[in-house]
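Colleague: Take a look and give me a structure for this.
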Amino acid sequence: MKNTKCHFCGFENFEERQVEYIYRRNGKYLIVRDLPCEACLRCGERYYPAEALLAVEARFKAIHEHQREPEETLAVPVESFALVAA
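Modeller: Numbering: from 1, shown residues only. Here you go, the predicted structure:
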């Protein structure tokens, strides 16, 4: 996956990275560590390989259909902005 131009800012330089990715579907989440991507060196926009995103979707489905156990489970506090800004 070699980008030639950022679709967001037009910059042409990218860096391969492994990042934390949060997948959300129907109010359920999966945090994936070390997902490969290319990141624009100007604005930081990320581009993910299609096969990596398909693998994330498959793992999400398997975990939430109880066919597979996650590596780890986290409890995450949730606040609405009105409470945060008060």
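
Colleague: per-residue confidence for Asn3?
Modeller: At Asn3, the pLDDT value in this model is 68.

Colleague: ditto for Tyr48
Modeller: 98.

Colleague: just checking, Arg68 touches Ala58?
Modeller: No: look at Arg68 against Ala58 with C-beta atoms under 8 Å: they stay out of range, at 9.7 Å. (Each C-beta comes from the backbone N, C-alpha and C, glycine too.)

Colleague: So which bits of stretch 43-54 are buried?
Modeller: Of the residues in stretch 43-54, Glu45 count as buried by neighbour count, 16 or more other C-beta atoms under 10 Å.

Colleague: Enumerate residues external to that stretch that contact any of its residues.
Modeller: Contacts to stretch 43-54, defined as C-beta atoms under 8 Å, 6 or more residues apart in numbering, come from residues 1, 3, 6-9, 11, 14, 17, 19, 21, 35-40.

Colleague: how about a cut-off of 7 Å?
Modeller: Stretch 43-54 is contacted by residues 1, 3, 6, 8-9, 11, 19, 35-39 when judged by C-beta atoms under 7 Å, 6 or more residues apart in numbering.

Colleague: From these, list just the buried residues.
Modeller: Going by neighbour count (16+ other C-beta under 10 Å), these have 6, 35, 37-39 buried.

Colleague: what's the distance between the residue nearest to the spatial centre of the chain and Leu54?
Modeller: By C-alpha atoms, centre = their mean, the chain has its centre lying nearest to Tyr21, at 2.3 Å. Applying C-beta to C-beta, to the nearest Å, the value for Tyr21 to Leu54 is 13 Å.

Colleague: Then His66?
Modeller: Distance of His66 to Leu54, computed by C-beta to C-beta: 21 Å.

Colleague: Please apply the same query to Thr4.
Modeller: Thr4 is 23 Å from Leu54, by C-beta to C-beta.

Colleague: nearest spatial neighbour of Phe60, skipping sequence neighbours?
Modeller: Leu30 (4.5 Å; C-beta to C-beta, 6 or more residues apart in numbering).

Colleague: My guess is that neighbour contacts Glu20. True?
Modeller: No: counting by C-beta atoms under 7 Å, Leu30 stays clear of Glu20, with 11.2 Å between them.
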